[in-house]
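>>> got a sequence here, can you model it:
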Amino acid sequence: MKTLLTTLLSIGLASVLAAQATVNPLEQIITENKATFGPWASAPDKYEIQVLYTEIDRKQDGTVALKTHRWGADSTQYFYPASTVKMPAAILALQWMNEHGAPGLTPQTLLFHGAGTAPAAAPQTTATSDTTSASGYPSVAHYLRKIFLVSDNDAYNRLFELLGPTYMNHALHRASIYGGRLQHRVGVGGFNTETHAWLNPVRFVNGANTPYQIGERHDDYYDPLPQLKGQQRGTGYTTNDGELVREPFDFSHKNYLSVRNLHDILLRAVLPETVPEQQRFKLTEKDYALLRSAMSQRPRESNSPRYDKPDNYVKFWMYGDQPEETKIPDGLRIYNKVGWAYGYLTDAAYITDAESGREFILVGTIHVNENRIFNDGVYEYETIGLPFFGELGRAVLAYERRK
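Next up, the predicted model:
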């Protein structure tokens, strides 16, 4: 009898431990708060929600332990990453400079863009000055800050034109980040699939010296990503001329980064020590400092460039649904990159909380396009999309603070 009782107790304890080991805190948080959360909490498939939440624990021996949890819809379904593609462009621009290693070539070196002469290069524009810069001139460092502080489209496009899609995609592959596609400029008219492939001539200037320059190029990199489902979306779309076309919108030549891609790119920028050395980006300590400063600052904290924007302008998690006058506490730092377009909202964030001493990663995307028409400007960003980030972000922060 004693042996049987001991066996039953052991089985019971093992069952409890197994159950604890398989608990998904994301599911637990959403289930516990479903009554106060918006409609997204009960319909992850409808809103195509994907979330990754990584718990970060620093051990006494200095090592960092990560535990990642997932919640949401099919991870093989296409979504448009919008401006989140600017994050790898900014990081890879720093890596590109280190790889070239030319004397006088630094993130602060002046960078000038010309315009190509080929007929297909007609939509290109030049960039030889920048009124938002303290020097009055553009540079990789200044473009990087504009990307993270306000998600500036032109800043990303200039780095895209410098690097080209072949370099960017292959660099991600070398870092063991696969399944994405960086293909085109964003937020600028006049380009199509072919003209995006033509890259502006660029020239770096350091005083009287030119550390590096290259003429116009044709970069026809393309990955169809055949494993990715749903690259034709919706029931219709509006053309730039305002015409409604009743057929699915084709995303098959659009940018793509999965939620896991965004998580892993962010992880390499903020916690490179958790990644095998051969899979890290080739960055210096100064590069990391430049990146992290730009990623975590609020617009009001920046002197160059200067912006009159609210704290939550590009901070969706926890604050995206809050009034513009809301100030994010100084002890809460959000190192992130957001994207919003075509009804898709995405945020990849590393969050540190001085109040609790906790740190964690949240990466999520949601699609709010009730009428299933793309490019018509009719999306439920304010009523469903941003509340998703605000509600879930605050709940995860509260969970971390209870630890």
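>>> every contact and neighbour count from this point should use C-alpha atoms.
Will do.
>>> which residues touch Gln227?
By Cα atoms under 8 Å, 6 or more residues apart in numbering, the contact list for Gln227 reads Thr76.
>>> and it, how far from Lys254?
The gap separating Gln227 from Lys254 is 15 Å, by Cα to Cα, to the nearest Å.
>>> repeat for Asp45
Distance, Asp45 to Lys254, by Cα to Cα: 22 Å.
>>> more neighbours: the two, which one.
Set Asp45 next to Lys254 and count neighbours by other Cα atoms under 10 Å: Lys254 wins out with 20 against 15.
>>> ok, the more buried one touching Gly180?
No: taking Cα atoms under 8 Å as the definition, Lys254 is not a contact partner of Gly180, at 10.5 Å.
>>> what's the neighbour count on the residue nearest to Gly364 when sequence neighbours are not counted?
Once flanking residues are discounted, Gly364 sits nearest to Val51: 4.2 Å by Cα to Cα, 6 or more residues apart in numbering. By the criterion of other Cα under 10 Å, Val51 has 25 neighbours.
>>> now swap in the one 4 residues further on and tell me
When neighbours are counted by other Cα under 10 Å, Glu55 registers 16.
>>> quick check: bridge partners of it?
Beta-bridge pairing of Glu55 under DSSP bridges involves Lys67, Phe360.
>>> output the contacting helices and strands for the strand or helix carrying Glu99.
Taking DSSP states H and E as the criterion, Glu99 maps to helix 86-100. Other elements packing on helix 86-100 under the criterion 3 or more Cα pairs under 8 Å, 6 or more residues apart in numbering; DSSP states H and E are helix 140-150, helix 153-163, helix 165-174.
>>> contacting residues around the shortest one?
Taking contacts as Cα under 8 Å, 6+ apart, the residues outside helix 165-174 that touch it are 88-89, 92, 178, 180-184, 219-221, 279.
>>> low-confidence ranges, the stretch 201-350 of the chain, go.
Low-confidence segments of the stretch 201-350 of the chain, defined by pLDDT under 70, are absent.
>>> so which residues of it form strands?
Ranges of strands in the stretch 201-350 of the chain, per DSSP state E, counting those that start in this stretch, are 202-206, 209-214, 217-218, 232-233, 236-238, 244-245, 249-250, 332-341, 344-353.
>>> among the ones you listed, which comes closest to Thr326?
Proximity to Thr326 (Cα to Cα) singles out strand 332-341 among these, at 13.3 Å.
>>> sheet-wise, list the partners of that closest one with their directions.
strand 344-353 (antiparallel).
>>> quick one, what contacts Thr68?
So Thr68 contacts Leu52, Tyr53, Thr54, Glu55 (Cα under 8 Å, 6+ apart).
>>> separation between the residue most central in space within the chain and Leu92?
Closest to where the C-alpha atoms of the chain average out (Cα atoms, centre = their mean) is Thr84, at 3.1 Å. Using Cα to Cα, one gets 14 Å for the distance from Thr84 to Leu92.
>>> now Glu380
33 Å.
>>> those two: which is more packed in?
The residue with more neighbours, out of Glu380 and Leu92, is Leu92; 23 against 15, by other Cα under 10 Å.
>>> could you pull out the helices in the stretch 251-400 of the chain for me?
For the stretch 251-400 of the chain, the helices defined by DSSP state H, counting those that start in this stretch occupy 259-270, 285-296, 386-401.
>>> restricting to C-alpha, output stretch 328-342 in CSV.
Extracted C-alpha coordinates of stretch 328-342, given in CSV (Å, rounded to 0.1, in the frame of the first residue of the first chain):
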residue,chain,number,x,y,z
ILE,A,328,6.3,57.4,-21.1
PRO,A,329,8.1,57.1,-17.7
ASP,A,330,11.9,57.6,-17.9
GLY,A,331,12.4,54.2,-16.2
LEU,A,332,10.6,52.3,-19.0
ARG,A,333,12.7,52.0,-22.1
ILE,A,334,11.3,50.6,-25.3
TYR,A,335,13.9,49.7,-28.0
ASN,A,336,11.8,49.0,-31.0
LYS,A,337,10.7,49.4,-34.6
VAL,A,338,7.0,49.7,-35.7
GLY,A,339,5.3,49.4,-39.1
TRP,A,340,1.9,50.3,-40.3
ALA,A,341,0.4,50.0,-43.8
TYR,A,342,-2.4,48.3,-45.7
